[in-house]
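Chemist: take this sequence and fold it.
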Amino acid sequence: MTKRRKSRELAFKLFYALELSGDSKSSVMSRFAAVSDSQDKEVNEYALSVFNWATEMTEELNTVMPDVISNWSMARVSKVDKSLIYLACAEIKKGGVPVNVVINEYVELAKAFGDKDAPSFVNGVVDSWYKRS
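Modeler: Numbers count the residues shown, from 1 in each chain. Prediction:
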């Protein structure tokens with residue numbers, strides 16, 4: 001697994017923990033700091049960057065996503081899918097990584113962590129968001 005993929009997986013786990021727990025960002029990051037010593041510093045740094053980009057964009061994405069997925073309610077989107085979508089959108093907007101690379105990486109994470117429909121759902125939503133932005 002590449003360092004970037006490890007970073008994205010770690011960012012996903014952080015964002016998912018934030019979504020699932022309802023805890024504050026600082027609380028989630030404190031727990032991360034307590035267990036991150038064994039991780040690669042480069043992996044941690046990029047993971048935290050992606051996590052921060054996504055949390056900074058959450059309000060904006062909460063506003064635009066209902067239009068992007070007009071035939072679906074955000075309340076019905078699983079926390080796994082939402083986390084992956086928001087992280088992908090944030091990385092596309094702020095990370096300087098080619099769109100197709102980012103989408104592919106999050107589709108792979110959706111295969112690992114989501115249900116059977118997650119990969120195509122994440123792909124479709126992120127692609128639609130990108131084309132609108």
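
Chemist: show me what contacts the most centrally placed residue in the chain?
Modeler: Centre of the chain computed as the mean C-alpha position; nearest residue by Cα atoms, centre = their mean is residue 87, 2.3 Å away. Shown in contact with residue 87 (Cβ atoms under 8 Å, 6 or more residues apart in numbering): 8, 11-12, 15, 50-51, 54, 106. (Each C-beta comes from the backbone N, C-alpha and C, glycine too.)

Chemist: biggest separation within those residues, which pair?
Modeler: Pairwise distances across the contacts of residue 87 (Cβ to Cβ) peak at 13.8 Å, for the pair 51 and 106.

Chemist: element containing the residue nearest to the centre of the chain, please.
Modeler: helix 79-94 (DSSP states H and E).

Chemist: contacting residues for the nearest residue to residue 97 once chain neighbours are set aside?
Modeler: Once flanking residues are discounted, residue 97 sits nearest to residue 91: 6.1 Å by Cβ to Cβ, 6 or more residues apart in numbering. Applying Cβ under 8 Å, 6+ apart to residue 91 gives the contacts 8, 50, 53-54, 97, 102.

Chemist: among those, which pair sits farthest apart?
Modeler: Every pair of those checked by Cβ to Cβ; the farthest is 54 and 97, at 13.9 Å.

Chemist: list the contacts for residue 15?
Modeler: Taking Cβ under 8 Å, 6+ apart as the test, what residue 15 contacts is 51, 54-55, 83, 86-87.

Chemist: quick one: which two of the residues you listed are the most distant?
Modeler: For the contacts of residue 15, the maximum inter-member distance is 11.0 Å, found between 55 and 83 (Cβ to Cβ).

Chemist: more crowded one of these two?
Modeler: residue 83 (28 against 18; other Cβ atoms under 10 Å).

Chemist: which one of the contacts of residue 15 is nearest residue 21?
Modeler: Set against residue 21, the nearest of the contacts of residue 15 by Cβ to Cβ is residue 83 (12.2 Å).

Chemist: re earlier: residue 54 and residue 97: which has the busier surroundings?
Modeler: Counted by other Cβ under 10 Å, residue 54 and residue 97 do not tie: residue 54 has more neighbours, with 26 against 14.

Chemist: contacts for the least confident helix or strand in the chain by mean pLDDT?
Modeler: In the chain, the helix or strand scored least confidently by mean pLDDT, DSSP states H and E is helix 25-35, which has a mean of 81. Residues outside helix 25-35 that contact it (Cβ under 8 Å, 6+ apart) are 14, 17-18, 21, 48, 55.

Chemist: okay then, goodbye and thanks.
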